[in-house]
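Visitor: For reference, the sequence and a predicted model appear below.
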Amino acid sequence: MKILVIGSGVVGKATGKGIAEKGHQVIFVDINPETVAELVAEGYDARNPSGIEQEKADITMFCVSTPSRVNGEVELDYIRDAVTKHADWLRRQDEYHLIVVRSTVPPGTTRNVLLPLLKTSGKKVGKDFGLCMQPEFLRAVSAVEDFRHPWMTLIGEYDRRSGDILEGLYMDFEDKLYRVDIETAEMEKYAHNLFNAFKISFTNEIYEVCHKLGLNGDEVMELVSHSAEGMWNPSYGTKGGYPFDGACLPKDTSGFLAFAKSRGIPMPLLEAVIKVNKQLELEENKVKEVNKPLVL
Ligand SMILES: NC(=O)c1ccc[n+]([C@@H]2O[C@H](COP(=O)([O-])OP(=O)(O)OC[C@H]3O[C@@H](n4cnc5c(N)ncnc54)[C@H](O)[C@@H]3O)[C@@H](O)[C@H]2O)c1
């Protein structure tokens, strides 16, 4: 297949190079002339956006940046710009074409923000073009290698035809492939990153506590990585809607928080964990109250 990779930074390069290795024809596109020159020097076909006007292709993958604004919000201007320009290109295509969003975007963005821009081409989604959201899980430090050996591929598809084409592209990669709707894929990517961030912050909180108690936090967390079921059982703690309960978790969370407080050690993450659980308990009790049988 012939693939346009729009946005040739960390994710775009890893994506394009990995796909090219499988024998597909890849054209890298970027607004940064240095990025284009670097890829050309490596022997790849790389161009600025105006360089693809006359091209035909089977798939376009958007890998442009979606950084944070000063106020923390997600900056969608780059991807909006790139998609708007590409709608013009799409207008001139006479064959069915698949659009894939690889950038990390908040749930709803692909369907509610990017699809309307694509539709300005006059083409119909589901008929003239397909649409997928395929989040990337690679790590910046080992991007190309991670793309070559992914541990999983997630395809969020607008319809079956779009998902089938994208699945075909990944046929030669040996990993688990899951297919879901577009919004689930967008959300999964955030949940994935938030979980990693929470885990690191949790470790740092325990590390600080250990430091204050004169203990080795790395040693403690290394042992926890073997003892805590949540660390090694993928099914543990992944069903939502129920507070934690039982003989140990409620008493040990509040007990340790009180212990840390008595020694002047702040544990904001543990406080939040207890707060989230209490809230859920209250809601559960409310539901029980509503569903209580009437005593006549
Ligand atoms: N870096 C990572 O490890 C990583 C991992 C997974 C997902 N992601 C996500 O993937 C997306 C890309 O991240 P990245 O790290 O590759 O960003 P990056 O900044 O390295 O690359 C983005 C590229 O897009 C180009 N670009 C911007 N506007 C363009 C336009 N209109 N047309 C063509 N090119 C344009 C930029 O010049 C840049 O080269 C982001 O949404 C990011 O959150 C990043």
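Guide: That came through fine.

Visitor: Show me what counts as buried in the lengthiest helix in the chain.
Guide: Criterion DSSP state H: the longest helix present in the chain is helix 182-212. Residues 182-189, 203, 205-207, 209-210 are the ones in helix 182-212 that count as buried (16 or more other C-beta atoms under 10 Å). Yep, even glycine has a C-beta here, placed from its N, CA and C like the rest.

Visitor: same check, this time on stretch 93-101
Guide: Buried-residue list, stretch 93-101, by 16+ other C-beta under 10 Å: 93, 97, 98, 99, 100, 101.

Visitor: Next: stretch 137-155.
Guide: 138, 143, 146, 147, 150, 153, 154, 155.

Visitor: how long is stretch 12-31 from one end to the other?
Guide: 13 Å (C-alpha to C-alpha, to the nearest Å).

Visitor: contact partners of that stretch?
Guide: 1-9, 35-36, 39, 44-49, 51-52, 55, 57, 61, 63-64, 102, 136, 138, 143-144, 146-148, 169, 172-173 (C-beta atoms under 8 Å, 6 or more residues apart in numbering).

Visitor: try 6 Å
Guide: Stretch 12-31 is contacted from outside by 1-6, 8, 36, 39, 44-47, 49, 52, 63, 138, 143-144, 147-148, 172, using C-beta atoms under 6 Å, 6 or more residues apart in numbering.

Visitor: Filter those residues to keep only those in contact with the ligand.
Guide: Restricting the contacts of stretch 12-31 to those near the ligand by C-beta under 6 Å from any ligand atom leaves 6, 8, 49, 63, 138.

Visitor: ok, now which ones touch the fourth one?
Guide: Okay, so that is residue 63. Residue 63 neighbours (C-beta under 6 Å, 6+ apart): 7, 11, 12, 15, 102.

Visitor: I'd like to know how far it sits from residue 161.
Guide: Separation of residue 63 from residue 161 (C-beta to C-beta, to the nearest Å): 22 Å.

Visitor: And for the third one?
Guide: Taking C-beta to C-beta as the measure, residue 49 falls 27 Å from residue 161.

Visitor: just residue 247 next, same as before
Guide: 52 Å.

Visitor: More neighbours: the two, which one.
Guide: A side-by-side neighbour count of residue 247 and residue 161, using other C-beta atoms under 10 Å, places residue 161 first with 14 against 7.

Visitor: Could you say which helix or strand holds that one?
Guide: According to DSSP states H and E, residue 161 maps onto helix 160-169.

Visitor: May I see the ones next to the ligand among the contacts of stretch 12-31 arranged in JSON lines, with pLDDT and secondary structure as well?
Guide: Output for those, formatted as JSON lines (pLDDT from 0 to 100; DSSP: H, G, I helix; E, B strand; the rest coil):
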{"residue": "6", "pLDDT": "98", "secondary structure": "strand"}
{"residue": "8", "pLDDT": "98", "secondary structure": "coil"}
{"residue": "49", "pLDDT": "95", "secondary structure": "helix"}
{"residue": "63", "pLDDT": "98", "secondary structure": "coil"}
{"residue": "138", "pLDDT": "90", "secondary structure": "coil"}
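
Visitor: one step back: scan the contacts of residue 63 and report the most crowded one.
Guide: residue 12 (28 neighbours).

Visitor: per-residue confidence at it?
Guide: With respect to pLDDT, residue 12 scores 97.

Visitor: circling back: and the buried residues of stretch 93-101, which is closest to residue 227?
Guide: residue 101 (39.9 Å; C-beta to C-beta).

Visitor: chain center to stretch 114-131, what's the gap?
Guide: 23 Å (C-alpha atoms, centre = their mean, to the nearest Å).

Visitor: now what about it, what contacts it?
Guide: Stretch 114-131 is contacted by residues 83, 84, 87, 90, 91, 97, 98, 99, 158, 159, 161, 162 when judged by C-beta under 6 Å, 6+ apart.
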